[in-house]
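# Have a look at this prediction, sequence included:
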Amino acid sequence: MEGTLTKDALIEMIRDKVGYPVKEAKEILEIILEEIKSRLEEGKEVKISGFGKWTVKEKRSRPGRNPHTGDRIEISARRVVTFHPSDKLRDSVNSTVNQGG
């Protein structure tokens, strides 16, 4: 498989591997993604064993500069989502690189 992994491609994989109709495969994927999204919106972490962990971090406002004009600006406070792969995923990704893949 080449390129970006999309929701449609994931739906097709669920359909092909499990044999669910497209409508049911789409519903399953949507339920999973919505649950992950709602947990992150609540500031909770999401951990999938053997895959990784998403966390929400609070960033304070801070001074910055507009790169085009050089003017000073205030970068507003915000929340950012970070992902940390599990050791298992990291090892798997690194083993493919070491094998020339």
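Looks like it arrived, so ask away.

# List the residues that contact the residue positioned nearest the centre of the chain.
Here the mean C-alpha position of the chain is nearest to the C-alpha of residue 83 (CA atoms, centre = their mean), at a distance of 6.6 Å. Residue 83 sits next to 52-54 when contact means CB atoms under 8 Å, 6 or more residues apart in numbering. Any C-beta I mention is one placed from the backbone N, CA and C, and that applies to glycine too.

# Just the CA trace of the helix or strand hosting it, in PDB.
Residue 83 belongs to strand 78-85 when assigned by DSSP states H and E. Extracted in PDB, the C-alpha atoms of strand 78-85 (Å, rounded to 0.1, in the frame of the first residue of the first chain):
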ATOM      1  CA  ARG A  78      -3.700  26.400  23.500                       C
ATOM      2  CA  ARG A  79      -3.900  22.600  23.900                       C
ATOM      3  CA  VAL A  80      -1.900  20.300  21.700                       C
ATOM      4  CA  VAL A  81      -2.200  16.600  21.200                       C
ATOM      5  CA  THR A  82       1.000  14.600  21.300                       C
ATOM      6  CA  PHE A  83       1.600  10.900  20.400                       C
ATOM      7  CA  HIS A  84       4.200   8.600  21.900                       C
ATOM      8  CA  PRO A  85       4.600   5.300  20.200                       C
END
